[in-house]
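> Here is the input, now give the coordinates:
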Amino acid sequence: MGGRSGTLAAAVGAALLVVTGAGAAGAAPALGQVVSTNPVNYTPNINQGAVYKSAEVNGMLFAGGSFTTVTAAAGTTPAGTFSRSHIVAFNAATGSISTSFTPSINGNVWAIVASGGSLYVGGTFSTVNGVARRGIVKLNPTTGAVDQAFNARLTGNVSEAAVVNGRLIISGTFSKKIAALNLATGADTGYINIPIAGSVATNAGPVEVYRFAVDPAGTRLVGIGNFTTVGGQPRVRALMLTLGTTSATVNAWRYRPLEVACSAPKLQDQVRDVDFSPDGSYFVIVATGGTPRSGQGGVGICDAAARFETDVAAPTRPTWINYTGGDTLHSVAVSDKAVYVQGHQRWLDNPQGHDNAGPGAVSRPGIGAIDPSSGKALAWNPTKDRGVGGKDLLVTARGLWVASDTARIGHETRARIALLPVT
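You can find the predicted model right below:
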């Protein structure tokens, strides 16, 4: 997730279900280029709220969030405006909105992942199609029907999900904060049994693992959120788990500068998203929090994107860090040629900026791309309405799906979901 991508394969009748979606363990496709700055014209317009997560499944794009109506793009069929309760499915190649997938969900959708011909949806809801399901539900991806056999019986919300090595890993505010569920029943498998506790501040909100990413091999998980201990060991705002054959364990990876809050007192829970590179050798974390405190420049992940090498257990600083100069980054997706970032930022390459454009700053409103090696902003600059800031980016073979809370990207109206294609 935010900006995770991957590929799963499973039999669906006589067909092959191909999944490319946030939270699935697997390498992002090698695009060989930076995507276009010109969005496709066929994506539907989501009329209010925001899209928090997207997943591409067997040629369909599933988008979930806080919306209730969706309008078909001009020239696509069926035409018109449709009621959709926090989730919509449309043809990823034509924009045609599904008229059969219409589940009724009574809260926001934050996680979507598919496996074995089913769709797992997580969020802040408590009922789906009138059936009691707190936080996570298993749906038929064609009809939206609830799989009654799957019931996790959670006590809180789900903000991230992934299918890894035959288990559904979820995270959020529920009692364990991160757990691995049985794909058929929703029962806790016990594979992850690691206490996560402690709040970074009294105003940081609930203790939670907000987002996580899994490397393509399915052996490492990096999670971010509001916590101070993991398995009884000090881990503040970010953790790494080793995903073993029979259980997950706390990895030695620890980034101590995350124990120092950024300068904005109201943004204590500052880390916002994480994604692995396609080869799993590194991952990138993005954050809010205001500018770094005195002495933390170059190490504090504050309104910034930062690269870490997966096998460096005790980094003293990121491989590189790119500062916005005081604006939040909410989501990240790493491809072979670019690290895409999204938020309400005005600039990148702005380490000396303090809510202004400092020396060397480049304008990148709402969305931008960073060179994976140098950590400097690429010339790519579609521009985008900033809003609060989009919370999901997804790399697929088609290009970059941009999920957000705003209406314009690339100087066009593509409300809340857009595809910047491979050309």
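> backbone phi and psi for Gly297, please?
Per-residue torsions, Gly297: phi -60, psi 130 (degrees, to the nearest 10).
> sorry, that was for Val121
Phi and psi for Val121, reported as degrees, to the nearest 10, are phi -120, psi 130.
> Tell me the bridge partners for it.
Under DSSP bridges, the beta-bridge partners of Val121 are Ile112, Val137.
> give the contact list for it.
Shown in contact with Val121 (Cβ atoms under 8 Å, 6 or more residues apart in numbering): Gly64, Ile87, Pro103, Ile105, Val109, Ala111, Ile112, Val128, Ile136, Val137, Lys138, Leu139. Every residue, glycine included, has its C-beta placed from N, CA and C.
> buried subset of those residues?
Gly64, Ile87, Pro103, Ile105, Val109, Ala111, Ile112, Val128, Ile136, Val137, Lys138, Leu139 (16 or more other Cβ atoms under 10 Å).
> Which of those residues lies at the shortest distance from Arg346?
When those are compared for distance to Arg346 (Cβ to Cβ), Gly64 wins out at 28.0 Å.
> Sticking with that closest one, tell me its helix or strand.
Taking DSSP states H and E as the criterion, Gly64 maps to strand 60-65.
> Name the strands paired with that strand and say parallel or antiparallel.
If you go by DSSP bridges, strand 60-65 pairs up with strand 51-57 (antiparallel), strand 87-91 (antiparallel).
> Just give me how far the longest one sits from the chain centre.
In terms of Cα atoms, centre = their mean, to the nearest Å, the centre of strand 51-57 is found 9 Å from the chain centre.
> try stretch 237-252
20 Å.
> which other residues reach it?
164-165, 178, 180, 190-194, 196, 200, 209, 214, 218-227, 230-231, 233, 235, 253, 255, 258-259, 269-271, 274, 285, 313-314.
> Quick one: end-to-end length of that stretch, please.
Stretch 237-252 has an end-to-end distance of 15 Å (criterion: Cα to Cα, to the nearest Å).
> Check stretch 107-123 too.
Taking Cα to Cα, the first and last residues of stretch 107-123 lie 7 Å apart.
> coming back round to it: in its sheet, what does whichever helix or strand comes after the strand holding Gly64 sit against?
Sequence-wise, the next helix or strand downstream of strand 60-65 (DSSP H and E) is strand 69-71. Sheet pairing of strand 69-71 (DSSP bridges) gives strand 45-46 (antiparallel), strand 81-83 (antiparallel).
> Buried residues in strand 69-71, which are they?
So strand 69-71, judged by 16+ other Cβ under 10 Å, has buried residues Val70.
> roughly how far is it from the heart of the chain?
Using Cα atoms, centre = their mean, the offset of strand 69-71 from its chain centre is 23 Å.
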